[in-house]
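**Student:** starting from these lines, generate the structure:
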Amino acid sequence: MTARTLNLDDTLYQYLLDVSLRETPLLRRLRDETQALPTARWQVAPEQGQFLALLVKLIGARRVLEVGTFTGYSALCMAQALPEDGSLTCCDLPGDYNATARRYWQEAGLDQRIELRLAPALETLVKLERAGQGESFDLIFIDADKANYPVYLEYALRLLRVGGLAVFDNTLWSGRVLEVDAQSEDTRAIQALNRALKDDSRIDLSLLPLGDGLSLCRKR
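**Tutor:** From the prediction side, this is the model:
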C-alpha cells in the first residue's frame, strides 16, 4: 500500500507498457519513424496517446481540437476513437513532419476526419472563435509552444462546451517547474499556468504524472 504516486524505474515502466499498451502496428511504425528525428522529444508517450483516446470515448467527444500536432501520433490516437461523424482540427506550423502526419492518417483511412491548419496556433484559435465556434468543442489537447500556455487556456475555455476537457501536456516539465527564478520563458509560463489552474473556479482539475505531466481541466 502507498499513499503517494509511485516512481517508475525502467523495469516498472516497461511492465506498465507490457500489460496495458494496445498500440496498433501502424501507430508503432509512426512512433518508431518519429524517434529517428532530431525533434523526437516532441512526441507524446504511447501511453499518453492511449489515454487521450480513452478520454475521447469517455466523454463521447465528437469535435476535438489539437494545438501542436508534430508527426500526428496523438491526433491519430484521438481520431481512431472518434465516432464516424466526428472531426479533429489540428493546429501546427508548416514543417517536413506535416507530410509524415498526413501519410499515416491516410494509411489509417482517417484523413477525411482530420483537418490540419498550418499557421501560428493563436491565429487559428482566433479564427475559430470569430467563425462562431465558441463552446463547440468537446476536448482540446494542448501540446505546443509552452510560452503561450496561459493564453491557450483562455481560448480553450471559450471554445469548449460546458463539461468539455482541456488537456495540457508537459505540465511537470521534467521537473523544471521546481526552478526558482527560472530563466526560461517556457518554464515560467508552465509555472504560471499550474498556479493559475490550482485556483481557477471555472474548471475541475487533476494533474496526472503521466508522461511529462498531463493536466486535465473540465470546464464547469
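**Student:** which parts of stretch 169-178 are buried?
**Tutor:** The neighbour-count check on stretch 169-178 (16 or more other CB atoms under 10 Å) flags 169-173, 177 as buried. (Each C-beta comes from the backbone N, C-alpha and C, glycine too.)
**Student:** now tell me what touches that stretch from outside.
**Tutor:** With contact meaning CB atoms under 8 Å, 6 or more residues apart in numbering, stretch 169-178 is reached by 44, 48, 68, 141-143, 146, 182, 184, 186-187, 190-191, 193-194, 207, 209, 211-215.
**Student:** for that stretch, the averaged confidence score.
**Tutor:** Taken as a whole, stretch 169-178 has a mean pLDDT of 98.
**Student:** before we move on, the earlier item: just the buried subset of the contacts of stretch 169-178, written out for ChimeraX, thanks.
**Tutor:** Remark: buried members of those, expressed as a ChimeraX selection using 16+ other CB under 10 Å:
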select :44,48,68,141,142,143,146,182,186,187,190,191,193,194,207,211,212,213,214,215
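**Student:** out of the contacts of stretch 169-178, list just those in helices.
**Tutor:** Members of these lying in helices (criterion: DSSP state H): 48, 186-187, 190-191, 193-194.
**Student:** which among those residues gets closest to residue 94?
**Tutor:** Of all the ones in helices among the contacts of stretch 169-178, residue 94 sits closest to residue 186, with 21.2 Å by CB to CB.
**Student:** the closest one reaches residue 147, doesn't it?
**Tutor:** Yes. With contact defined as CB atoms under 8 Å, residue 186 reaches residue 147; the gap is 5.5 Å.
**Student:** on that earlier part again, sitting in strands, which of the buried residues of stretch 169-178 do you find?
**Tutor:** The strands in this structure, assigned by DSSP state E, contain residue 169 from the buried residues of stretch 169-178.
**Student:** nearest to residue 15, of the buried residues of stretch 169-178?
**Tutor:** Using CB to CB, residue 172 is the member of the buried residues of stretch 169-178 that lies nearest residue 15, at 21.3 Å.
**Student:** show me what the residue nearest the centre of the chain is bridged to.
**Tutor:** Centrality entry for the chain: nearest residue to the mean C-alpha point is residue 141, 3.6 Å, by CA atoms, centre = their mean. With DSSP bridges as the criterion, residue 141 is bridged to residue 66, residue 167.
**Student:** OK, contacts around it?
**Tutor:** Applying CB under 8 Å, 6+ apart, we find residue 141 in contact with 52, 64-67, 74, 78, 167, 169.
**Student:** and which of those is nearest to residue 123?
**Tutor:** Nearest to residue 123 out of those is residue 67 (CB to CB; 11.6 Å).
**Student:** wait, the closest one sits on residue 149?
**Tutor:** No. Using CB under 8 Å as the test, residue 67 is too far from residue 149 to be in contact (9.6 Å).
**Student:** just to revisit the earlier point, for the buried residues of stretch 169-178, give me CSV that also has distance to residue 33.
**Tutor:** Shown next, in CSV, are those (distance: CB to CB, whole Å):
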residue, distance to residue 33
169, 20
170, 22
171, 27
172, 27
173, 26
177, 31
